[in-house]
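> Next come a sequence and a model predicted from it.
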Amino acid sequence: MRRSSAGVDATNSTIRAQSTLPAVGVALVLLTVVTALGLGMADAAIAGADRTPDERRTAAATAALLVDADGPLADRANVLNRSRVAAFDAAALRAAVPPAREYAVSVALAGEPLARSGDPAGGTTIRRLVLVERSGHETLSPDGSAVTLPRRTDSATVTIAPASGTIVRTVRAGDRVLLHNDSGLRGTFTVELVPYEPTRLRFETVGALSDGDVTVTYAAPRATKATLAVTVDG
């Protein structure tokens, strides 16, 4: 029996349609998976974009606070006190920096961990160049009848113990009289100075000063450059 060509064509069309169905199903599954992955990546990107500005703002604000003259570490803006730095720990970080109670925050100085609140696994890091000062003192003796102290010296300790035959009557800073006694000065005195310029102390004496008759001691902090790094992980 012979089939008509129309019947054969219909049968072939049916077979092709049936064979196409699995491919369409696979394509739909793949499209669904790709769409889900794309949406997931988009959500993650949006979440990261939302989080990063908050981390950056918090890290920048924390770094600004730590280098501020009124902050827990600095004597002057961007000049850290070595003793304060040594005493800074996690409790001090949380007390001084409110965001450290909500975020994971770590602080490092010159690459060495300084304080940590929480455990930042990544996050955003802000770096600030600072000076770190440690306390020190210098002692000078007058060259003849005067001695010059550097700028930023706001006080000094003057010890007067002249040998027999020498009297120190007056100590001046420029035209200003700091100490005076007609019968002679003897002992240790603290004098207040103007820190905005070098100060030249002059000693008015009867007789010449010898080495050791007068000594002047003043604070002379030593500073080194370092990088303060603040990391915040939300």
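Cool, the structure landed. Numbering: from 1, shown residues only.
> going forward, measure contacts and count neighbours with C-alpha atoms only.
Will do.
> tally of neighbours for V206?
12 (other Cα atoms under 10 Å).
> now R82
18.
> What pLDDT is listed against it?
pLDDT, R82: 92.
> Show the contacting residues for it.
132-135 (Cα atoms under 8 Å, 6 or more residues apart in numbering).
> now the residues you listed: which count as buried?
Neighbour-count burial (16 or more other Cα atoms under 10 Å) applied to these gives 132-133.
> pLDDT-wise, what's the bottom of the contacts of R82?
The member of the contacts of R82 with the lowest pLDDT is S135, at 85.
> these two touch, right, that residue and P221?
Yes: contact criterion Cα atoms under 8 Å: S135 and P221 qualify, at 4.5 Å.
> and which of the contacts of R82 is nearest to V85?
Distance to V85, by Cα to Cα, is smallest for V132 among the contacts of R82, at 8.6 Å.
> Which stretches in the protein count as helices?
Using DSSP state H, the helices found in the chain span residues 5-67, 82-87, 90-96.
> buried residues in the second one?
Residues of helix 82-87 classed as buried: 82, 85 (neighbour count, 16+ other Cα under 10 Å).
> just stretch 93-106 next, same as before
Across stretch 93-106, burial judged by 16+ other Cα under 10 Å covers 93-94, 96-97, 99-100, 103-106.
> outside of that stretch, which residues touch it?
Residues outside stretch 93-106 that contact it (Cα under 8 Å, 6+ apart) are 58, 62, 65, 71-72, 113-120, 230-234.
> Generate a ChimeraX selection restricted to the buried subset of those.
Under the burial definition 16+ other Cα under 10 Å, those of the contacts of stretch 93-106 that qualify are selected in ChimeraX by:
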select :58,62,65,71,72,114,115,116,117,118,120,230,231,232,233,234
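> and the contacts of stretch 93-106, which of them are in strands?
Secondary structure from DSSP state E places 113-117, 230-233 of these in strands.
> Burial check on P198, number of neighbours?
Burial measure for P198: 14 neighbouring residues, criterion other Cα under 10 Å.
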